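S.K.: fold the following for me, if possible:
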Amino acid sequence: MSNWKQEGFEKWSIDSRKYARLRPHAPLQVPITHSARKLLIANTLGIVPGQTHVVFTDYAQRRITSSTQWLCVKLAKDEGHTAYVGWIAHTLRDPIEVWERYHDSRLKRHYFSAYHAGNNMNIVSYMTVALSSDNTIITAFQKNSANGIDNLRDGTLLLRCK
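M.R.: Numbers count the residues shown, from 1 in each chain. Reported below is the predicted structural model:
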């Protein structure tokens, strides 16, 4: 078990800027109502009526799943989660770092990435996707600052981009 300091990495605010990817698309325009947000999430993820699960693939070709109902409800609760839902698949497929650790006596895997707007390399958005040990999504969220991400960079380092 190690952490980012023991690995000789810089703080996430510095490291992530070095490896930030071009954002897949601009953040989504988020509707006001919860039901409209759920519909936007479903459309963005390509969920069709009657579909019960969303399936993603990560960098190691692991199958990542989530109940469509749970994912839409969970991500629609927060405007920031809804706006960046289209970045989940990209973060799983092309993360900057992936750490696996026990938290609250449960094994979790955290995928971290950062995205720049292309025309302004200084605008960076940070994305985290957290999975449980059975490869289901616990949460996915975007942050405008790197605050707090270093606290999640410990355990077993599974991947570090080059």
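S.K.: quick one: the strands in this structure?
M.R.: Secondary structure of the chain by DSSP state E: the strands cover 2-3, 21-22, 53-57, 63-67, 97-103, 106-116, 124-132, 137-143, 154-160.
S.K.: pull out the buried residues from the fifth one.
M.R.: This means strand 97-103. 97-101 (16 or more other CB atoms under 10 Å). Placement of C-beta: from N, CA and C, glycine included.
S.K.: what of the last one?
M.R.: Counting neighbours by 16+ other CB under 10 Å, one finds that the buried residues in strand 154-160 are 154-155, 157-158.
S.K.: closest to residue 144 among those residues?
M.R.: Comparing the buried residues of strand 154-160 against residue 144 with CB to CB places residue 154 closest, at 22.8 Å.
S.K.: so who does residue 143 touch?
M.R.: 80, 125-128, 149 (CB atoms under 8 Å, 6 or more residues apart in numbering).
S.K.: now the chain, which segments are flagged as low pLDDT?
M.R.: For the chain, applying pLDDT under 70 flags the ranges 121.
S.K.: ok, longest helix in it?
M.R.: In the chain, assigned by DSSP state H, the helix with the most residues is helix 34-44.
S.K.: got the contact list for it?
M.R.: With CB under 8 Å, 6+ apart as the contact definition, helix 34-44 has outside contacts at 28, 30-31, 47, 68, 71-73, 75-77, 79, 82, 85-86.
S.K.: hmm, try it at 7 Å
M.R.: 28, 30-31, 72-73, 75-76, 82, 85-86 (CB atoms under 7 Å, 6 or more residues apart in numbering).
S.K.: drop anything exposed from those.
M.R.: 28, 30, 72, 75-76, 82, 85-86.
S.K.: one step back: just flag the most distant two among the buried residues of strand 97-103.
M.R.: Farthest pair in those, by CB to CB: 97 and 101, 12.1 Å.
S.K.: what comes up buried for stretch 27-45?
M.R.: Result for stretch 27-45 [16+ other CB under 10 Å]: buried residues 27-28, 30, 37-38, 40-42, 44-45.
S.K.: and the end-to-end length of that stretch?
M.R.: Counting by CA to CA, to the nearest Å, you get 14 Å between the two ends of stretch 27-45.
S.K.: what number of residues lie near the nearest residue to residue 114 once chain neighbours are set aside?
M.R.: Distances taken as CB to CB, 6 or more residues apart in numbering put residue 16 closest to residue 114, at 3.6 Å, once the chain neighbours are dropped. For residue 16, the neighbour count with other CB atoms under 10 Å is 24.
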